[in-house]
Each structure stands twice: as C-alpha cells, then as structure tokens.
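Undergrad: Here is my input; please provide its structure:
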Amino acid sequence: MISELLINAFLVTIMLSIAIALIRTRTVIFTVILTSAYSLVAALMFITLDAVDVAFTEASVGAGISTILFLAAMAYLPKKEEESISSEFVPALSCIILGGILIWCSYDLPEIGQLTAPIHQHIAPEYIKGSKEDIGIPNIVTSVLASYRGYDTFGETIVVFTAGVAVLALLQKNPAKKNKSQPKQKIRENA
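TA: Residues are numbered from 1 along each chain as shown. I've put the predicted structure just below:
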C-alpha cells in the first residue's frame, strides 16, 4: 500500500513538473515535447489504477498520434515565432481555482481499491459471477473487454485506427504539388 502511494506521488510530482514547465515554455517544439511526455506519464498513472486499456489508448493517441500531428502541423508555421506580451495572471488564477475545486471534490471519492466502494458493489460482482457462467470465459478481464464491454472496446479500436489513418493522410505528400513542380523542371531542361 505504501509503495503504491509512493509511486502515485512520484507520478503526480512528475505531472506537476511537466505542467509547470508547459506554463513557462515559450517555444512550440518544447510545448509539443512536454505534452507528449505528459501523456506518457498519464498512461503510467492509468496503469497504476489498473486501467490498462485506457493507458494504451492514452499512450497511442495522446503521446503517439497527437505528437505526430503537432509535429506535422509545425511544418506550416512560420520559422520565427512572435513574442507575446500578454498577462499570465488570469489564466494562472483560473487554473489554481479550478485545481482547488477538483481537489476539494476528490475528498468525497472512496479510496483506491476500497472493497466497499460503490463501483465494487454495483456491477463488479455480476461480472465476476457471470464471466464463467454466462460467457464461459475463465479470464474475467478478457470476458469484460470482449463481451460485456465489447462495443466500447470496439469503439476504442475504431478511434485509434481512425486517428492513425488521419495521421497517414495528413503526412502523405500532396500529389498536386508534384504536378506543379514538374513543368518547371521540363522548362529548365529545354532551355
């Protein structure tokens, strides 16, 4: 129990450090790198919460595909970034207030892994009992992901696949640009 607490405290400290670095950074490339790192740490946090399917989705979409899209979008940005002289007080104050509200609301949540938590009393016993009797699959995790939550798992797979296809479509070279550049080369060859 103490080791889980130390791991969670370590991961939250890393996430806070990345968030502070994101606030302080002024270049787009470091923002992209830091958001990717934040997504990877969030995936680790989901693993510690025993949500491996959510961790996989966060790592592939949040850190993988989003980072590729951001880097591809940077190709369309001007090379020199403009300096911004806006006030950081209002956004920082709103984040602090929102963070305080979220922390205050978290005191009403049950402890992680508590057997008397509502989530363990409502549907989990039905999954455990019905996994072997109704479906015939001895592995409870497989039966939940493949049968009980089959549409949800299929939906997550569709989201990851669609995001991957979108990245490939965006990063594909534009054939219209090739056709425009070919006549110029022919003119140079004839001259």
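Undergrad: Assign the most centrally placed residue in the chain to helix, strand or coil.
TA: The centroid of the chain falls nearest to Gly62 when counting by C-alpha atoms, centre = their mean (2.8 Å). What DSSP: H, G, I helix; E, B strand; the rest coil gives for Gly62 is helix.
Undergrad: From what I see, it and Leu44 are in contact.
TA: No: counting by C-beta atoms under 8 Å, Gly62 stays clear of Leu44, with 11.8 Å between them. Bear in mind the C-beta positions are built from the backbone N, C-alpha and C, glycine included.
Undergrad: low-scoring pLDDT stretches of the protein, where are they?
TA: 1, 81-85, 173-191 (pLDDT under 70).
Undergrad: That one: strands as residue ranges?
TA: With DSSP state E as the criterion, the chain has no strands.
Undergrad: Please, where are all the helices along it?
TA: Using DSSP state H, the helices found in the chain span residues 2-24, 28-48, 52-57, 66-74, 89-106, 118-122, 124-130, 140-143, 150-171, 175-190.
Undergrad: Distance to Lys80 and mean neighbour count added to those helices, as TSV?
TA: TSV is the format used below for the helices of the chain (distance: least, C-beta to C-beta, whole Å; neighbours: other C-beta atoms under 10 Å):
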stretch	distance to Lys80	mean neighbour count
helix 2-24	20	13
helix 28-48	11	18
helix 52-57	36	16
helix 66-74	13	15
helix 89-106	24	10
helix 118-122	51	10
helix 124-130	56	13
helix 140-143	51	16
helix 150-171	24	12
helix 175-190	24	9
